[in-house]
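Sequence first, predicted coordinates after that:
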Amino acid sequence: MADTTFPKLEPYRVGLRGRCPRCGEGHLFEGFLKLKPRCEVCGLDYSYADPADGPAFFAITFACLPSALFAVWLELAYQAPYWVHAFTTLPIMLATLLPPLRPLKGWLVASQYHHKAAEARLVRLGEAEDANGW
């Protein structure tokens with residue numbers, strides 16, 4: 001498949017569905033959050049992808065913040081005992097945290113591919129001069 005040209009896909013379209021960012025057909029995930037080693041359709045190696053804690057950060061910031069505010073409101077309004085929080089706040093937090101993790105991770109991996117993001121590399125002065133033709 002070396003001669004195959006792939007369409008330019010939007011990261012949010014393929015990432016949110018958990019599809020390969022290059023072909024849009026293969027799957028990104030092996031389990032709930034574990035990335036496959038490569039795409040089963042086009043062979044894209046997923047070793048470039050390192051979303052780190054990005055999905056958890058976005059999920060906690062945008063999804064769990066409202067549920068934490070609910071817990072604070074519940075405590076201030078009703079001085080609820082701990083068991084009430086365990087049966088109301090904990091399930092709400094888990095329900096708002098877990099579902100967005102996988103789509104967010106897929107979106108971040110697809111964005112890394114789309115923008116050709118990679119780890120920074122140190123270049124020695126002589127190599128930089130040779131590479132730039134200076």
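Here it is on my side, so go on. Residues are numbered from 1 along each chain as shown.

mind checking how far Glu30 is from Leu9?
Separation of Glu30 from Leu9 (CB to CB, to the nearest Å) stands at 21 Å. To be clear about C-beta, it is placed using only N, CA and C from the backbone, and glycine gets the same treatment.

So which of these two has more stuff around it?
Neighbour count, other CB atoms under 10 Å: between Glu30 and Leu9, Leu9 has more, with 18 against 11.

Ramachandran angles for Val14?
With angles defined as degrees, to the nearest 10, Val14 sits at phi -80, psi -40.

likewise Leu35?
phi -80, psi 150.

Confirm for me that it is in contact with His27.
No - judged on CB atoms under 8 Å, Leu35 makes no contact with His27 at a distance of 9.7 Å.

Phi and psi next, for Ala120.
The phi/psi pair for Ala120 (degrees, to the nearest 10) reads phi -70, psi 150.

go on, Asp50?
Per degrees, to the nearest 10, the backbone of Asp50 is at phi -150, psi 80.

Just list the residues touching it, thanks.
By CB atoms under 8 Å, 6 or more residues apart in numbering, the contact list for Asp50 reads Gln112, Glu119.

For it, report the pLDDT, please.
Listed pLDDT for Asp50 reads 89.

Gly126 now?
If you check Gly126, the pLDDT there is 62.
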